[in-house]
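Enquirer: what's the 3D shape of this:
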Amino acid sequence: MTQGRKGQFNATQTAHLESYLEDFKAQLDTGLSGIGLTRHKQSIATRALASSAFEGLDLSENSRKKWFEIIVRKYTNYYNNVWKKTNQPDEPSGASLITTNPLLKFASILSGRQTFAREKEETISTLAAQRRLDTNINEAAARQIVLKELWDALTPDEKSDWSAQAEEEATDVEFNQKEFSTNIHLALRSLCQGGLLGDAEMLLFYGFRDVNNGDLRVGSVHGHSKHNKINFGGNDLEENFGIPWSEFAGSVIPQPLLQMNTTAITVAEDGTVIFPSIDLEKIVVTDLRAILANYLQACWAHRSNQDETVVPWADIAADPAKFYSQAKFSLPVRLKDPLTMESIETMMLANFFINSTRSSAPFHFEAEADEPPRSPKSSAPPATPLTPPEHSRPASPVVAPPGSPPPSSPPPHVTVTPSPPPSPPKKKSNKRTRYALYSFAVAIY
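Expert: Sure thing, here's the model as predicted:
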């Protein structure tokens, strides 16, 4: 098979590579980026090299690994020079934002040259070892000399490709989240003790969602000068500041968009919605959230005498007793939109519905006609005569004369209002248990 110029593809190979372009653009439109985007490009290169279009590939001018890199670079160039300029013309890159901020230095933020050095580690080590033997210089110096020579030998386009790859990897959110705690600790210590600001005290609250499951990760970090080891807030920091911060962060940081799970929700002839039989130890929590959303949507749609199809989550969260019997169904967590739940809430609620479905009275939303009538609000018996509201005061108790038998009925002018039933004891807040999972009051000395 005839190749084009060195490092170039012939017409058949070019056409084959372009056949992947529509799928590549579709992936970009979904927001694919970072290491996920890199892996997708590598997948295209792997499939292309295994196709008939690349049979008889001339390996005398480039190794198979080199051809692989050229294919990946082709899609990198399209991403940077075509798609990105069209779809994100004014958006600063993650790398540009982070590298200009001295507080944030992540290992994933590498220059193009550093990325090149990482990928060419084997070649650099071999050449550096030979250079040491030839010149008797130390290992570090030999390595830097070899790296400089290899980097300088690249064309401007090749250097640009390596820089583009480094920028893509800078958006490896999962890796950056793991590094964040350590990095921010060091940053605050440097600011508070490094002399840049003089002696300083700092307290940082942070929040982000776990890239894998959407759970909220919140916490606080103290930075102290060399003269202080006392944390602001003391033992009540979490209660007074941490929990309100968690609630605020959870309300403003959006949940990642999820592809709805297609697990079927069945409905019995009597309208009972059946929660699917699933293994909670094996299912992915994002899928479980989607199943819960589908199940509760079906429960709502099958309420008797109801036509609404959209579950009013805000109303249910505000007044759950209006929508389901809390006496019949003692849910382990507050009922809200499942797509906004944390992992532990999702698992607990799913386990409840699994057991409820197996019981003689599965969970269901109450129809308005089934809601118990509400008792009128009690009011104090009015005194006689009635006085204007601004001068009113509680009625004096009626005292029977000594020796009088208890009246069989109240006097006509006294209104008797049944005492409301005692309120059930309030459940102990689980906020402290819930937020103890998070990292509050981490001090740096």
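Enquirer: and Lys226, which of the three is it?
Expert: Judged by DSSP: H, G, I helix; E, B strand; the rest coil, the three-state class of Lys226 is coil.
Enquirer: how close does it sit to Val273?
Expert: Lys226 sits 62 Å away from Val273, going by C-beta to C-beta, to the nearest Å. (C-beta placed from N, C-alpha, C; glycine too.)
Enquirer: Check Ser359 too.
Expert: For Ser359, the distance to Val273 (C-beta to C-beta) stands at 13 Å.
Enquirer: Neighbour count for those two, which is higher?
Expert: Val273 (23 against 8; other C-beta atoms under 10 Å).
Enquirer: mind listing what's buried in stretch 278-288?
Expert: Using 16 or more other C-beta atoms under 10 Å as the test for burial, stretch 278-288 gives 283, 285-288.
Enquirer: now do the same end-to-end measure for it.
Expert: Terminal residues of stretch 278-288 are spaced 9 Å apart (C-alpha to C-alpha, to the nearest Å).
Enquirer: what mean pLDDT would you report for stretch 9-17?
Expert: What stretch 9-17 shows for mean pLDDT is 87.
Enquirer: please begin residue numbering at 773 from this point
Expert: Okay, residue one is now 773; in that scheme the one you just asked about reads as stretch 781-789.
Enquirer: Where is pLDDT lowest across the buried residues of stretch 1050-1060?
Expert: Ranking the buried residues of stretch 1050-1060 by pLDDT, Thr1058 lands last with 77.
Enquirer: Is it within a helix or a strand, and which one?
Expert: helix 1057-1073 (DSSP states H and E).
Enquirer: Could you name the helices and strands sitting against that helix?
Expert: strand 1045-1046, helix 1115-1130 (3 or more C-beta pairs under 8 Å, 6 or more residues apart in numbering; DSSP states H and E).
Enquirer: give me that answer again for 6 Å
Expert: helix 1115-1130 (3 or more C-beta pairs under 6 Å, 6 or more residues apart in numbering; DSSP states H and E).
Enquirer: Pull the residues that contact the helix it packs on.
Expert: Residues from elsewhere that reach helix 1115-1130 (C-beta atoms under 6 Å, 6 or more residues apart in numbering): 985, 987, 1046-1047, 1057, 1060-1061, 1104-1105, 1134-1135.
Enquirer: would Leu976 count as being in a strand?
Expert: Yes: the assignment for Leu976 is a strand, going by three-state DSSP.
Enquirer: And for it, the neighbour number?
Expert: Neighbours of Leu976 using other C-beta under 10 Å come to 15.
Enquirer: can you pull the contacts of it?
Expert: Residues in contact with Leu976 (C-beta under 6 Å, 6+ apart) are Val993.
Enquirer: Show me what it bridges to in the sheet.
Expert: Counting by DSSP bridges, Leu976 is bridged to Val993.
Enquirer: Please apply the same query to the one 4 residues further on.
Expert: As for beta bridges, Phe980 partners with Arg989 under DSSP bridges.
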